[in-house]
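[1] sequence and predicted structure below; questions after.
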Amino acid sequence: MGHLSVSDLVVEFVHDGYAVRPLDELSFEGEAGELVVLLGPSGCGKTTLLSCLGGILTPTSGTIRLGDTDVTALRGRALEQYRRTQVGFVFQAFNLIPSLSARENIAMPMILTGHDRQRAFARADELLALVGMSDRANHRPPKLSGGQQQRIAVARGLGHEPPLLLADEPTANLDHIQAEAIIRLLRELRSQGRTIVVSTHDARLVPVADRIVQMVPVAAVDTAQPARVTLPAGASLFEQGDPSDLVYLIDAGEIDVIRILADGGEEHLARLRSGHYIGELGPLMGFPRSASARAATDVELTALSPSEFRDRFLHR
């Protein structure tokens with residue numbers, strides 16, 4: 001098994017002409033035998049990170065190492081071999097083939113990648129026992145509960161005994177009883193020495209994690225009092241991609257809202273005047289700034305904490 005190291009990982013793509021960075025210089029470590037939980041809301045880059053770890057998506061920059069292998073340097077057949085032998089996937093939607101039995105769903109990926117048929121089915125039987133599903137071996141997915149299907153999906157991901165198992169929101173579609181069973185199974189699997197990386201927004205996984213990677217910055221304790229801010233014309237209030245902390249009420253003057261495009265150009269989105277507020281969604285949702293805000297004139301603003309903004313504007 002191998003040590004997992006992610007260093008300064010950046011993924012950037014262009015959408016409607018502007019650059020989006022779901023991952024921006026992300027770094028973390030994971031030891032063999034650890035359950036690593038990627039925690040954050042939808043849209044924060046969890047699935048993007050799993051795709052990079054699994055060799056499906058090539059990051060813009062940064063490095064991923066599993067043991068002695070530099071995953072980000074792999075290309076062609078070497079990358080294909082990495083995906084086939086070093087990493088297993090467990091999908092949120094299970095992705096089981098409805099016409100195949102549980103046993104066949106586990107064995108088929110091994111057969112398709114060159115394993116002997118008899119050995120593939122023998123391995124499937126081992127994995128069915130491991131995940132407590134031997135009595136459901138001949139059941140097709142439509143006859144299985146969500147939790148049972150997820151167990152089969154986990155077993156399928158372990159077919160070639162990968163040192164790295166990636167699970168994308170494995171408890172998202174399950175009730176609390178089924179989710180508890182999957183969490184218990186993941187804890188048991190880590191004892192075999194493999195690294196398990198799970199993406200989730202489900203706080204139930206936090207207490208059992210060996211390591212937690214916060215995909216968005218943890219907000220500081222919200223005790224800030226409203227404060228006055230003044231800016232001269234042309235000054236920046238915040239820039240696209242900056243961390244979000246405060247919401248601003250415009251007391252006097254005008255603010256331009258500008259989106260920075262991938263080619264370095266700018267798109268003017270709006271001009272806000274006295275009485276408007278700006279920058280509320282980032283602090284409330286834990287996202288970085290989605291645009292820049294610059295003073296079109298001399299401006300006076302009141303800076304509000306998220307709780308103060310909610311009390312003043314959202315809870316009326």
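    Looks like it arrived, so ask away. Residues are numbered from 1 along each chain as shown.

[2] from here on, just use CA atoms for contacts and neighbour counts.
    Will do.

[3] can you list the weak-confidence ranges in the protein?
    Along the chain, the model assigns pLDDT under 70 to residues 1, 217-224, 314-316.

[4] run a quick neighbour tally on the closest residue in space to Glu239 that isn't next to it in sequence.
    Spatially, and ignoring its direct neighbours in sequence, Glu239 is nearest to Ser292 (4.1 Å; CA to CA, 6 or more residues apart in numbering). Neighbours of Ser292 under the rule other CA atoms under 10 Å: 22.

[5] also the one 4 residues further on?
    Other residues within reach of Ala296 by the criterion other CA under 10 Å amount to 20.

[6] isn't it right up against Ala233?
    Yes. Using CA atoms under 8 Å, Ala296 is in contact with Ala233, at 5.3 Å.

[7] neighbouring contacts of stretch 72-92?
    54-55, 58-59, 62-65, 71, 113, 153-154, 156-173 (CA atoms under 8 Å, 6 or more residues apart in numbering).

[8] let's go with 7 Å and repeat that
    54-55, 58, 63-64, 153-154, 157-158, 160, 162-170, 172 (CA atoms under 7 Å, 6 or more residues apart in numbering).

[9] now do stretch 53-70
    Contacts for stretch 53-70 (CA under 7 Å, 6+ apart): 2-12, 51-52, 71-72, 79, 83, 87.

[10] go on, stretch 29-42?
    1-6, 46, 190-201, 209-216.

[11] can you pull the contacts of Ala19?
    12-13, 261-262.

[12] residue ranges for the strands of the stretch 101-250 of the chain, please.
    164-168, 195-200, 211-214, 227-231, 236-238, 247-252 (DSSP state E, counting those that start in this stretch).

[13] partner strands of the fourth one, parallel or antiparallel?
    The one in question is strand 227-231. Strand 227-231 pairs in its sheet with strand 299-304 (antiparallel), by DSSP bridges.

[14] which other helices and strands contact the helix or strand that the partner strand is followed by?
    On the C-terminal side of strand 299-304, the closest following helix or strand by DSSP states H and E is helix 306-309. Using 3 or more CA pairs under 7 Å, 6 or more residues apart in numbering; DSSP states H and E, no helix or strand is in contact with helix 306-309.

[15] just the CA atoms of helix 306-309, as PDB, please.
    Listed next in PDB are the C-alpha coordinates belonging to helix 306-309 (Å, rounded to 0.1, in the frame of the first residue of the first chain):
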ATOM      1  CA  PRO A 306     -23.000  36.800   7.900                       C
ATOM      2  CA  SER A 307     -25.200  36.500  11.000                       C
ATOM      3  CA  GLU A 308     -25.700  40.200  11.200                       C
ATOM      4  CA  PHE A 309     -26.700  40.300   7.500                       C
END
